[in-house]
Each structure stands twice: as structure tokens, then as C-alpha cells.
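Participant: here is my input; please provide its structure:
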Amino acid sequence: MTDSAAVEIERLSFGYDSGRPVLHDISLAMPRGKVIGIMGQSGCGKTTLLRIIGGARQPDSGTARVLGTLVNGLDGDALYALRRRMGMLFQFGALFTDMSVYDNVAFPLREHTDLPDELIRDLVLMKLEAVGLRGASRLTPAELSGGMARRVALARAIALDPQLILYDEPFTALDPISFAIIARLIRRLNDALGATSVIVSHDVKECLDIVDYMVFMTAGRIVAEGAPEAMRGSSEPFVSQFVHGQSDGPIPFHYPAPAYGDDLAVGAAHG
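Facilitator: Numbers count the residues shown, from 1 in each chain. Here you go, the predicted model:
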């Protein structure tokens, strides 16, 4: 693995137990210290790729190296040690509903370290201050708005000062103000920590505004990758359609069906 890559995927393929292939012969290097966006329509395999990077799934073939560690075949202890160096922001936040905001952020510190309570308190308040929610430390998740809950989840994801942060659809169901706040926080916190961030999303504009590198996937394959400006001007049909929101292109608007006139004729014949 090259020193400049935080994640390196080589000839990786994967399918679920149903036998349905999801990822096909993917090769990809994610540069260290950058914010990387993985984009594509729903069902293209981007979240599955994120799960393999996080060690939740094992590839059927090929390799995945994360922070210099070969993820293939890691035992429980080795995977636990690798995840100690990673943060994860799940879709919709996935906060523990029976814990306070404070205890949600403290959870990874208590789970992965032997730090005294006084130091954990300082670290939790520091992370909550970074996302603007130190004053909400005693609230419960039920008392938070959607945007606030996502910010708490972000504070939890960075509690251990991870080298790699994985974001699974971090902008889903957010109002425009919360959307902009979360996007700016992801960029600012990545730079402050000197971390590498990988964002899986289908929100084009916001990702293009904050990422350093973009990867486009369709049907389990990588079709284009590069800097945001290169992707904005890409002549690759899928990328152009996705970036500019065009109705015509490789992704069809209509589900496959007989010709509309034929369907009408059949209906008239049976009428």
C-alpha cells in the first residue's frame, strides 16, 4: 500500500448470500488527509463498499487495505484495534436512545480507553463544543432536532480523534440549514484532525462543494473518479447526467415496459 493512500482497494468483488453480485472488480486508492466522496444512485454498491472498508463485510475476491492493515480475514481482536482508529457516522445518526447526549459521545471513549472520568468529561465537552452542542449535553436524543442529532453523532464519530472517518449518507432528511452546517463541519473537522473522510452520498452539489476527490459508481463498478472540477465537466454520460440532474442518460426515467401505445391498444381491445 502506498504511504499516500489511507484506503487501497484492489480487484475487489462482493456479493451477498443470495448470490447477487454487488461489487465488480473494483480498484481504488483514497488519498490520506482528504475528503473523498463516493456517489451513485441507490443500490449501486457504495454503502456495501463502505461496509467492507469498515470490516463489516469481507470481499469475495480482491483485497482491501485500510490505514495500512489488510482487512481481509481479520480476527475479532485485530478488527477491534483497527476500528479504534476509525470513526463512523451512520445514516440518521443511530444514537443510543436510552443515553444522554453526553453519554452517547462518551461511549467510544469508555469502550476503547481506560481514561479517568475527569479526562473523558473534558474530551466529551470538547467534541460537543466543536459541533456547537456543549449546552445540550444533558438532553436525550428524543429532545433533539434531526440536525442536532446528526451533530451529536458527528461528535461521537470523532471522539477518539480517528485517522479515518466514514460517513453513510450524512445529509439524508436534513433541512437546508442543518444540511449546510453538517457539510461545513465535516470539512472543518477533517482538516482540524488531519484525518481522511469518506462520504457515501447521492447529494451532488453539497459533496462537490466540500470534497477533494470524487468517485462515481453505477451497477457495482467505478465509472469515473477525479477532482470535483473534473467531474463537473466530465463527458462521461453517467457522470454528466448525475451531476447535472438530467432526465435523459444512462439512468432511465422509465422502468422497462412495452410501448405505451401497445399497452393502450391492449386495454382498448379488452374493454
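Participant: which residues of this protein fall in helices?
Facilitator: 46-53, 76-83, 101-112, 117-130, 146-157, 176-193, 204-210, 228-232, 237-244, 260-270 (DSSP state H).
Participant: out of these, nearest to L95?
Facilitator: helix 101-112 (5.1 Å; CB to CB). Using the backbone N, CA and C atoms, a C-beta is placed for each residue, glycine as well.
Participant: list the buried residues for that closest one?
Facilitator: Buried residues in helix 101-112, defined by neighbour count with 16 or more other CB atoms under 10 Å: 101-109.
Participant: which one of these is nearest V7?
Facilitator: Using CB to CB, the buried residues of helix 101-112 come closest to V7 at P108, 20.6 Å.
Participant: who's in contact with that closest one?
Facilitator: For P108, the contacting residues are 156, 159-160, by CB atoms under 8 Å, 6 or more residues apart in numbering.
Participant: let me have the helices of the chain in TSV, extended by mean pLDDT and distance to A94.
Facilitator: Below are the helices of the chain laid out as TSV (pLDDT from 0 to 100; distance: least, CB to CB, whole Å):
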stretch	mean pLDDT	distance to A94
helix 46-53	91	14
helix 76-83	88	15
helix 101-112	93	10
helix 117-130	94	17
helix 146-157	90	7
helix 176-193	88	15
helix 204-210	81	21
helix 228-232	86	28
helix 237-244	74	27
helix 260-270	70	43
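Participant: and those helices: which comes nearest L28?
Facilitator: Closest among the helices of the chain, using CB to CB: helix 46-53, at 8.3 Å.
Participant: any residues touching the closest one, and which ones?
Facilitator: 7, 9, 12, 14, 22-23, 26, 38-40, 57-59, 64, 66, 71, 166, 168-169, 198, 200, 217.
Participant: thinking again about what came up before, which of the helices of the chain sits closest to K34?
Facilitator: helix 176-193 (8.1 Å).
Participant: got the angle for the closest one vs helix 146-157?
Facilitator: For helix 176-193 against helix 146-157, the angle by axes from the mean of the first three to the mean of the last three CA atoms, to 10 degrees is 10 degrees.
Participant: now helix 176-193: buried residues?
Facilitator: For helix 176-193, using 16+ other CB under 10 Å, the buried residues are 178-179, 181-183, 185-187, 189-190, 193.
Participant: distance to R32 added to the helices of the chain, as CSV?
Facilitator: Output for those, formatted as CSV (distance: least, CB to CB, whole Å):
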stretch, distance to R32
helix 46-53, 14
helix 76-83, 16
helix 101-112, 22
helix 117-130, 21
helix 146-157, 18
helix 176-193, 11
helix 204-210, 17
helix 228-232, 18
helix 237-244, 25
helix 260-270, 52
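Participant: deepest in the core, which of these is it.
Facilitator: Most buried of the helices of the chain by mean neighbour count (mean count of other CB atoms under 10 Å) is helix 146-157; its value is a mean of 24.
Participant: give me the distance from that one to the chain's centre.
Facilitator: 14 Å (CA atoms, centre = their mean, to the nearest Å).
Participant: switch to numbering from 540
Facilitator: Right, with 540 as the first residue, what we last looked at is helix 685-696.
Participant: other residues contacting that helix?
Facilitator: Against helix 685-696 from outside (CB under 8 Å, 6+ apart): 626-629, 631-634, 640, 643-644, 646-647, 663, 666-667, 669-672, 675, 680, 683, 704, 709, 712-714, 716-718, 720-721, 724-725, 728.
Participant: do the same with stretch 654-673
Facilitator: 640-641, 644-645, 648-649, 652, 675-676, 687, 690-691, 693-695, 697-698, 720, 724, 728, 731.
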